[in-house]
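Chemist: Here is a sequence together with a model predicted from it:
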Amino acid sequence: MAKITYIEHNGTEHVVDVKPGLTVMEGARDNGIPGIDADCGGACACSTCHAYVTLEWMGRLPKIEAMEEDMLDFAWQPQPGRSRLTCQIKVTEALDGLVVQLPEKQI
Ligand code: FES
């Protein structure tokens, strides 16, 4: 299991255990965490699973693919280098301790 912290825009923190193999988006969805809509169900086609990776985790996640990068253009206030689509991040034991911050809203 990987412990992942999701921080809502209002500062509310949710710390949950997510099974490796799921995505960071699925970890939020399965635990009822508000702030990640995931309208397309994880197909990298909606950008409503957008989150900001905290500074200490930048560069420690799997590389961003071109399709994700393109879709991030449609996200709410993306920040280069920090923004990711959580449906494109597969959870592994290496992500234990990951912290993501959720945007003010999803488009
Ligand atoms: Fe639609 Fe991630 S759930 S892009």
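Modeler: In hand now; what should we look at?

Chemist: burial count for L85?
Modeler: A total of 30 residues lie near L85 under the criterion other Cβ atoms under 10 Å. Bear in mind the C-beta positions are built from the backbone N, C-alpha and C, glycine included.

Chemist: Identify the residues contacting the closest residue to Q106 other than its chain neighbours.
Modeler: Nearest residue to Q106 in three dimensions, chain neighbours excluded: T48, at 4.0 Å (Cβ to Cβ, 6 or more residues apart in numbering). Going by Cβ atoms under 8 Å, 6 or more residues apart in numbering, T48 touches I36, D37, A38, D39, C40, Q106, I107.

Chemist: how much space is there between T48 and the ligand?
Modeler: From T48 across to the ligand, the span is 6 Å (Cβ to the nearest ligand atom, to the nearest Å).

Chemist: Next up, phi/psi of that residue, please.
Modeler: Note on T48: its backbone torsions stand at phi -90, psi 20 [degrees, to the nearest 10].

Chemist: would you list the contacts of T48 in JSON lines and tack on pLDDT and secondary structure?
Modeler: Formatted as JSON lines, these follow (pLDDT from 0 to 100; DSSP: H, G, I helix; E, B strand; the rest coil):
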{"residue": "I36", "pLDDT": "97", "secondary structure": "coil"}
{"residue": "D37", "pLDDT": "97", "secondary structure": "coil"}
{"residue": "A38", "pLDDT": "97", "secondary structure": "coil"}
{"residue": "D39", "pLDDT": "97", "secondary structure": "coil"}
{"residue": "C40", "pLDDT": "98", "secondary structure": "coil"}
{"residue": "Q106", "pLDDT": "98", "secondary structure": "coil"}
{"residue": "I107", "pLDDT": "89", "secondary structure": "coil"}
